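> fold the following, please.
(one chain, ligands or ions: 1)
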Amino acid sequence: MKSYRKELWFNTKERYQFVHISRDVQEAVQESGVKEGLCLVNAMHITASVFINDNESGLHQDYMDWLEKLAPYDRNGYNHNVGEDNGDAHLKRQVMGREVVVAISEGALDLGPWEAIFYGEFDGRRRKRVLIKIIGE
Ligand code: ZN
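All right, here's what the predicted structure looks like:
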């Protein structure tokens, strides 16, 4: 069995931002040489997500609006905000998820027709990373 590990680094311009990473993940699959296997992609930070959905800007705005309603930014409104102000980011991350696992078939990500992989940042403007772990034959 082959095993391959890679980190993707981000430093988003915005505090809240989604980044399309399907191509980066596919690149890692090629580098791994794995033709049949599994690919795990996870955020390594507790205020960021990795998720799969449509690559459509209206939907992304809907997610941001919805998350802001669920867990609005509020410097003084969270018990967690003692010395930091990212209580909302921890909650947003939990809703959008930590990781995705995608099948690898014939050397490619076996995604559905409208599935795309995104990094979701909720406390950005600093260096953060995503782990890609690939196993298979
Ligand atoms: Zn925090």
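> residue 43: how many residues sit nearby?
By other Cβ atoms under 10 Å, 24 other residues sit near residue 43. No exception for glycine: its C-beta is placed from N, CA and C like everyone else's.
> so it touches residue 49, yeah?
Yes. Contact criterion Cβ atoms under 8 Å: residue 43 and residue 49 qualify, at 5.6 Å.
> joint contacts of the two?
Common neighbours of residue 43 and residue 49, using Cβ atoms under 8 Å, 6 or more residues apart in numbering, are 93, 98, 119, 120.
> and of the residues you listed, the nearest to residue 59?
Using Cβ to Cβ, residue 120 comes nearest to residue 59 of the shared contacts of residue 43 and residue 49, at 12.6 Å.
> helix/strand/coil for the closest one?
What DSSP: H, G, I helix; E, B strand; the rest coil gives for residue 120 is strand.
> quick check: it touching residue 93?
Yes. If you go by Cβ under 8 Å, residue 120 and residue 93 touch, sitting 7.3 Å apart.
> so what sits against both of those two?
43, 48, 49.
> tell me the buried residues in the host helix or strand of residue 69?
Under the criterion of DSSP states H and E, residue 69 resides in helix 57-70. For helix 57-70, the neighbour count (16 or more other Cβ atoms under 10 Å) marks 60, 63, 64, 67 as buried.
> with stretch 93-109 instead?
Neighbour counts over stretch 93-109 (16+ other Cβ under 10 Å) mark 93, 96, 98, 100, 102, 104, 109 as buried.
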